[in-house]
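Undergrad: Fold the following for me, if possible:
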Amino acid sequence: MRSSDIKWKLGAPYGPTAKGDTLSSRSFKREGRSAVTPLIANDGRRPGTEGVALILTNPLGQILTLKELGCKPQIGKCAGMRSIPMETIERRESRAEALWRLVHEELCGLNVELDPAPRGMYWVTPTVAATLYCGRAPALDLPTQGCDEDVTEHRWEDPRAAMTQWLRLGAIDMIRDFLSGIEWIERHACEPVAASLQAHLARAS
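TA: Residues are numbered from 1 along each chain as shown. Predicted coordinates for the structure are as follows:
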């Protein structure tokens, strides 16, 4: 995918403050497309592993979900889970660059418009945090299958229906906040997933 296929919407508002959790780090305000800025929680923590996540909507209000093929129980992911697109940030890579790579690798073939302002910071585990972004696709097209060996079975679905499935850790919190209109929030913990993942975590420890 060419970088010109992705439109960055400028001047997007940060949105209202949220209740129940704290506002996320001020580093969100400072973030640029090329700067590599550390993610720091309000309590001073820095994640050992950082990632980005994307809620992508279509003109019908559906969100894009996919099926995970890989298994990394230490970050709450097992083969067979469904999820919104997520990607681990590589060393010396900014969040904006990781987000572009996510679109390029997992959503290849789609034209999308991304909001540069993040929606929140989610502590998936005590040492892993993900920054959530939102975007839009102008049509109902789906990514080309087989473009990424780690994911498959992309589909558009109602966000409430997506929340009833076996989701990757953190995904249900992100979708729920999206539906509630919550923006720019730091969640200190994410809702636990099914016992099958807990068994994977126990075996991996």
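
Undergrad: Any regions of this protein where pLDDT drops low?
TA: For the chain, residues meeting the criterion pLDDT under 70 lie at 1-44, 109, 145-146, 194-205.

Undergrad: Give me the most central residue, it.
TA: A53 (1.3 Å; Cα atoms, centre = their mean).

Undergrad: distance of it from A139?
TA: Separation of A53 from A139 (Cβ to Cβ, to the nearest Å) stands at 22 Å. Backbone N, C-alpha and C define where each C-beta goes, glycine included.

Undergrad: hey, where'd the helices end up in this protein?
TA: Along the chain, the stretches classed as helices by DSSP state H are 27-30, 95-106, 159-162, 171-180, 195-204.

Undergrad: Can you name the residues bridging to the residue nearest to the centre of the chain?
TA: M86, L132 (DSSP bridges).

Undergrad: give me every residue that touches it.
TA: 84-87, 122, 130-133, 170-171, 174 (Cβ atoms under 8 Å, 6 or more residues apart in numbering).

Undergrad: which residue sits closest to E50, ignoring its sequence neighbours?
TA: Distances taken as Cβ to Cβ, 6 or more residues apart in numbering place I89 nearest to E50, at 4.7 Å, with adjacent residues excluded.

Undergrad: The one you found is in contact with L99, isn't it?
TA: No: applying Cβ atoms under 8 Å as the test, I89 and L99 come out as separate, 9.2 Å apart.

Undergrad: If you count surrounding residues, which of these two has more?
TA: Each of I89 and L99 has its neighbours counted (other Cβ atoms under 10 Å); L99 has more, 26 against 22.

Undergrad: The more buried one and P126, how far apart?
TA: Separation of L99 from P126 (Cβ to Cβ): 24 Å.

Undergrad: And for the residue nearest to C78 when sequence neighbours are not counted, the neighbour number?
TA: The shortest distance from C78 to any non-neighbouring residue, by Cβ to Cβ, 6+ apart, is to C71 (4.9 Å). Using other Cβ under 10 Å, C71 has 14 neighbouring residues.

Undergrad: just the strands in this protein please.
TA: 6-8, 49-57, 63-68, 82-83, 86-88, 112-114, 120-125, 128-136, 151-157, 185-187 (DSSP state E).

Undergrad: so which of those strands gets nearest W166?
TA: With Cβ to Cβ as the measure, strand 82-83 is the member of the strands of the chain nearest W166 (6.6 Å).

Undergrad: and that closest one, what does it pack onto?
TA: strand 63-68 (3 or more Cβ pairs under 8 Å, 6 or more residues apart in numbering; DSSP states H and E).

Undergrad: Pull the residues that contact the strand it packs on.
TA: For strand 63-68, the surrounding residues in contact (Cβ under 8 Å, 6+ apart) are 55-58, 77-85, 106-107, 137, 142, 150-159, 162, 165, 168, 175, 178.

Undergrad: Mind giving me the ChimeraX select for those, buried ones only?
TA: In ChimeraX syntax, the buried subset of the contacts of strand 63-68 is picked out as below (16 or more other Cβ atoms under 10 Å):
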select :55,56,57,58,77,78,81,82,83,84,85,106,107,137,142,151,154,156,159,162,168,175,178
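
Undergrad: rewinding a little: quick one, phi/psi of the residue nearest to C78?
TA: In terms of degrees, to the nearest 10, the main-chain angles of C71 are phi -130, psi 120.
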